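> Structure for this input, please:
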Amino acid sequence: MGIVDDLMQLQARLAYERAQWEDAWQDCVNLAMPYASHRYDFGGGTVQSSLTGIAREPAAARRSKEIYDGEAVWASERLAGGVESTVSPRSQKWQDFVLDGPFSPDPTDVEEEWLDRLRDYNFGVRYDARCNFALANQKAIRSAVTLGTGVLYSEENLGRKGIDPVRVPFFYRFVPVIECYLGIDAYDDVDRCVRISEMTASGAAAYFGADNLSQKVRDAAKDLKRSQDTFTFIHAVIPRDEAGDYKAKRAGMAYASFWAEVETRHLIRDSGFFTFPYQVMWWDQVDNSPYGQSPIMSILGDVKMLQAMSKSALQAAQQMVKPPLATMAGMYNQRLNLNPGAVNPGYIDDAGRMKAQPIITNQNPSFAENLMELKRQGIRRSTYVDLFQTLVQNPNMTATEAIIRANEKGELLGPAGAKIEAAHSKCTEREIDIIQRKGAFDSGSPLAAPDDAVGRSVGVRSTGPLARLRRMQELQGVESVMQMAGMFAQYSPEAAADVMDRIDHDETLEIAREVRGAPRKMFRTDEEVAERRQARVQQQEQAASVQMMEQMAGAAGKATPAIQAALQANQVAAA
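Predicted coordinates:
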């Protein structure tokens, strides 16, 4: 049995473990994310056309036909946008680099400048359009919010056509979780992924190289009529120790990688990765599982009930606007003309009674609408929509109230946001590994590390809005203590100096800068601050010295007439 057959068996085992999630994903997609990949329909939804080839109706257009109330779709979109804006906003640098662990000494100003330069470079590459991080990250967060699990695939640029590997050393791709069969290690970290995907023959030839493909796919890629035929491929990334006969190959890479054709069982490529390339983000990871739950899953019952209620309310409203008709016996073959101003002869009997009348059952859609609104409110609360509207609904709140609300938002979103931040940290660690192996930190490089930082590990720290929101209580404490210190100074002026001596103003400003997210560049370096303070002390000493000299000169000027009078008196006495 070859390696491809072994990988297919691994995929089958992981698929069996994943099966319990697929029904929930299907419901979440149908009710809250209709624009998701058609693969979530498990192979359905294609229409053949002799004129245009394969014509697939847009998934959102097809699924939305069964959505009678869009509250869940809107709420999940709002939550995804809110999470992205608080965890990884495109307009900010939401991560910082640090040296070594939390107990290492504080970096010097030179090291901090290098870490800032490295961060600026990393974000510049990450948000390059050719890197595709922004779009892939947005889709992954949306998947994590709605389906509980989002997957990002990061690949080292080893010569991708048209992209300079120096300017764009890595690029990203969003992978629908339906394509991934994941496995975890003893620490609940994802350490293996078997991915089943489709490519056209021409796309596979461009990605893998035509010579590496089977004869069947290679022939299709060369044929203009068949170049867009799709083929199924498997990509497996597993720990190197489990690679069997391929374990010794590329032993320095922690993970083995295999690409193969599913139909022909042809092994296309065997290689490896130094770091795991599939970064998984969860809303709430399930214990002993590589998959996570989402807030939409927790309210699927309410969402389905809302759909049923909305459908019934629409039917009731339609019956009120266009009610069914009752006619006399023998008139069912005659068709009423219900257009405005139309004449229907023969529909009034000799007594003046209508032979056809609407069937009214006293429908009251407003009652159903009130019940549906309660369900909508529950969905909004479960997806934290009201949390993001706090400041909008009360724009006149005080600064203290705003800090308290912000801290509340950070505490509520913190657990889920921390898991997404952890996935981003793994992305960054992989990026650093890639550029380091490309020589970014070597001597002579613009990113060359300072001498004191050579050999020290570079870590990642989240500094986005959510990380700052979690520290708002810290800032609130700082402001409260400063106010209390001001009160002591006001009511006890003799103790004001003693009170203020207890406060380290430099550290207080540093805490406020970090929590507020202000750039480090707004502060001068420690050396510059020391020089300015020394110069100020010297100026004060010089001013005091000049003042003393002026006072002495003034005193001497006043004493001169008396001294002269005494001298004259002495001279007269001597004569």
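> Met500: neighbouring residues, count only.
13 (other CB atoms under 10 Å). In short, each C-beta sits where N, CA and C put it, glycine included.
> quick one, what contacts it?
Contacts of Met500 were listed using CB atoms under 8 Å, 6 or more residues apart in numbering, and they are Ala485, Ala489.
> now whichever strand or helix holds it, how far from the centre of its chain.
Element membership for Met500 (DSSP states H and E) is helix 496-501. Shown here is helix 496-501, whose average C-alpha point lies 45 Å from the average C-alpha point of the whole chain (CA atoms, centre = their mean, to the nearest Å).
> Next SSE downstream of that helix?
Helices and strands here follow DSSP H and E; after helix 496-501, the next one along the chain is helix 505-516.
> Which other helices and strands does that following helix contact?
Contact partners of helix 505-516 among helices and strands, from 3 or more CB pairs under 8 Å, 6 or more residues apart in numbering; DSSP states H and E: helix 465-469, helix 472-491.
> between the ones you listed, which one is nearest to Asp189?
Shortest distance between Asp189 and these, using CB to CB, is found for helix 465-469: 21.7 Å.
> So, low pLDDT: which residues of the stretch 401-550 of the chain?
401-411, 472-473, 492-495, 514-521, 525 (pLDDT under 70).
> try 90 this time
Residues of the stretch 401-550 of the chain meeting the criterion pLDDT under 90: 401-419, 438-446, 449-459, 461-550.
> again with the stretch 151-300 of the chain
If you take pLDDT under 90 as the line, the stretch 151-300 of the chain has these spans: 157-167, 243-252.
> Domain map for this protein?
Structural domains of the chain, as assigned by automatic domain parsing, span the residue ranges 3-299, 526-570.
> Go through those and pick out the most buried.
Sort the domains of the chain by mean neighbour count, taking mean count of other CB atoms under 10 Å, and domain 3-299 sits at the top with a mean of 17.
> now the end-to-end length of that domain.
Start-to-end span of domain 3-299 (CA to CA, to the nearest Å) is 43 Å.
> got it, and stretch 489-496?
With CA to CA as the measure, what separates the two termini of stretch 489-496 is 4 Å.
> hang on, the earlier thing: could you check the domains of the chain and tell me which one is nearest Ala467?
Each of these was checked against Ala467 via CB to CB, and the shortest separation belongs to domain 3-299, namely 7.7 Å.
> Off-centre distance for that closest one?
In terms of CA atoms, centre = their mean, the gap separating the centre of domain 3-299 from the centre of its chain is 15 Å.
> what do you get for stretch 322-342?
If you compare the mean C-alpha spot of stretch 322-342 with that of the full chain, they lie 58 Å apart, counting by CA atoms, centre = their mean.
> Name the residues of it that come out as buried.
The neighbour-count check on stretch 322-342 (16 or more other CB atoms under 10 Å) flags nothing as buried.
> one step back: mind checking which of the domains of the chain is nearest Arg502?
With respect to Arg502, and counting by CB to CB, the nearest of the domains of the chain is domain 526-570 at 19.6 Å.
> Show the contacting residues for the nearest residue to Arg240 once chain neighbours are set aside.
The shortest distance from Arg240 to any residue that is not its chain neighbour, by CB to CB, 6 or more residues apart in numbering, is 5.1 Å, and that residue is Ala256. Ala256 sits next to 237-240, 242-243, 246-247, 249-250, 270-272 when contact means CB under 8 Å, 6+ apart.
> so where's the stretch 1-150 of the chain uncertain?
Within the stretch 1-150 of the chain, the segments meeting pLDDT under 90 span 1-2, 35-70, 82, 85-86, 91-93, 96, 98-113, 116.
> Would you list the phi and psi of Tyr278?
phi -100, psi 110 (degrees, to the nearest 10).
> repeat for the one 5 residues further on
Note on Trp283: backbone dihedrals following degrees, to the nearest 10 are phi -80, psi -50.
> What does Glu113 show for phi and psi?
Phi and psi for Glu113, reported as degrees, to the nearest 10, are phi -60, psi -40.
> could I get the helices and strands packed on helix 505-516 as CSV with distance to Ile435 and mean neighbour count?
Formatted as CSV, the entries for those read as follows, by distance: least, CB to CB, whole Å; neighbours: other CB atoms under 10 Å:
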stretch, distance to Ile435, mean neighbour count
helix 465-469, 24, 22
helix 472-491, 33, 14
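> JSON lines for those helices, including distance to Leu306?
JSON lines is the format used below for the helices and strands packed on helix 505-516 (distance: least, CB to CB, whole Å):
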{"stretch": "helix 465-469", "distance to Leu306": "29"}
{"stretch": "helix 472-491", "distance to Leu306": "34"}
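> Determine which of those approaches Lys161 most closely.
Distances from Lys161 to each of the helices and strands packed on helix 505-516 were compared using CB to CB; the shortest belongs to helix 465-469, at 37.3 Å.
> From Leu336, how far out is Val343?
Between Val343 and Leu336 the distance is 11 Å, computed by CB to CB, to the nearest Å.
> and after the helix or strand hosting the residue nearest to Arg240, which helix or strand comes next?
Secondary structure assignment for Ala256, by DSSP H and E: strand 255-261. The first helix or strand that comes after strand 255-261 along the chain, using DSSP H and E, is strand 267-273.
> list the helices and strands whichever helix or strand comes after that following strand packs on?
Sequence order places strand 278-282 as the next helix or strand after strand 267-273, per DSSP H and E. When contacts are defined as 3+ CB pairs under 8 Å, 6+ apart, strand 278-282 packs onto helix 133-147, strand 149-156, strand 180-184, strand 190-200, helix 399-437.
> Which neighbouring elements make contact with the third one?
Here strand 180-184 touches helix 3-32, strand 190-200, strand 278-282, going by 3+ CB pairs under 8 Å, 6+ apart.
> Can you convert those into CSV and add a column each for distance to Leu371?
Supplementary listing: the helices and strands packed on strand 180-184 in CSV, determined by distance: least, CB to CB, whole Å:
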stretch, distance to Leu371
helix 3-32, 18
strand 190-200, 42
strand 278-282, 33
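> do you know which of those lies nearest Gln95?
Nearest to Gln95, of all the helices and strands packed on strand 180-184, is strand 278-282, at 13.9 Å by CB to CB.
> Could you tell me which strands sit next to that closest one in the sheet, and their orientation?
Under the criterion DSSP bridges, strand 278-282 sits next to strand 149-156 (antiparallel) in its sheet.
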